[in-house]
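Undergrad: sharing a model that was predicted from the sequence below.
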Amino acid sequence: MKAAKAAVPRAAASEASVLLRLEIPDPSLVLLIGPSGAGKSTFAARHFRPAEIVSSDRCRALVCDDERDQSVNRAAFGLLHHIARARLSLRRLTVIDATNLETRARRRLLRIAADCRIPAVAIAFNLPLEKCLEQNLARSPRVVEEEVVSYHARLLAPAIERLNREGYERIYLLDETNVNDAVIERVRR
């Protein structure tokens, strides 16, 4: 894989710990990319305001009261895209909390950002399948079937390889060694 477009900077927070600083343009479109169970929602809740997060699970729940019901994906993602476009057109930082593993899914969101003249940032969660499965089981009652998590894990490497060609202003790759050390630094535009 080629090096990420924007190298992930490291800044010392104190002598005791080293934090991973993720510079996020504000406003921007932030795509969280990774398998179910990788910790995307937990990361989003820790680092972004609730109104900034547009979650595919939440959109499913808004459509049919069940965030696990994949049969309403068309309507749920229509709602997700509508909210993303509305926020970006108002120049609001917008975080997409979905797997975002398929090129066409990312392409549609990137087109919305480009239409609004807003930069895009990719944050990929490159955690081992075993860790994703472990975290998936711990998030009851929203457990995703193991074969689905395994399928997502197989899609991750090709997705990461494509990111450099998709037009992001910044690309960050998180793994087991640094995901908990990440700190978001908003850069005003």
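TA: Yep, that arrived. Note that the structure is a prediction, hence the values are computed from the model and not measured. Numbering: from 1, shown residues only.

Undergrad: which stretches in the chain count as strands?
TA: 10-12, 18-26, 29-33, 53-55, 94-97, 120-125, 170-174, 182-188 (DSSP state E).

Undergrad: closest to residue 134 out of those?
TA: Smallest distance to residue 134 across those (CB to CB): 13.9 Å, for strand 120-125. Where you see a C-beta, it was placed from the backbone N, CA and C, and this is true even at glycine.

Undergrad: enumerate every residue touching the closest residue to residue 45 other than its chain neighbours.
TA: By the measure of CB to CB, 6 or more residues apart in numbering, the closest residue to residue 45 outside its immediate chain neighbours is residue 53, 7.3 Å from it. Shown in contact with residue 53 (CB atoms under 8 Å, 6 or more residues apart in numbering): 44-45, 95, 97.

Undergrad: wait, which of those is closest to residue 77?
TA: Of the contacts of residue 53, the one sitting nearest to residue 77 (CB to CB) turns out to be residue 97, at 12.5 Å.

Undergrad: which helix or strand in this protein has the lowest average pLDDT?
TA: strand 10-12 (a mean of 35; mean pLDDT, DSSP states H and E).

Undergrad: for the closest residue to residue 75 other than its chain neighbours, give me its contacts.
TA: Spatial nearest neighbour of residue 75, excluding adjacent residues (CB to CB, 6+ apart): residue 63 at 4.8 Å. Contact analysis of residue 63 by CB under 8 Å, 6+ apart lists 72, 75-76, 79.
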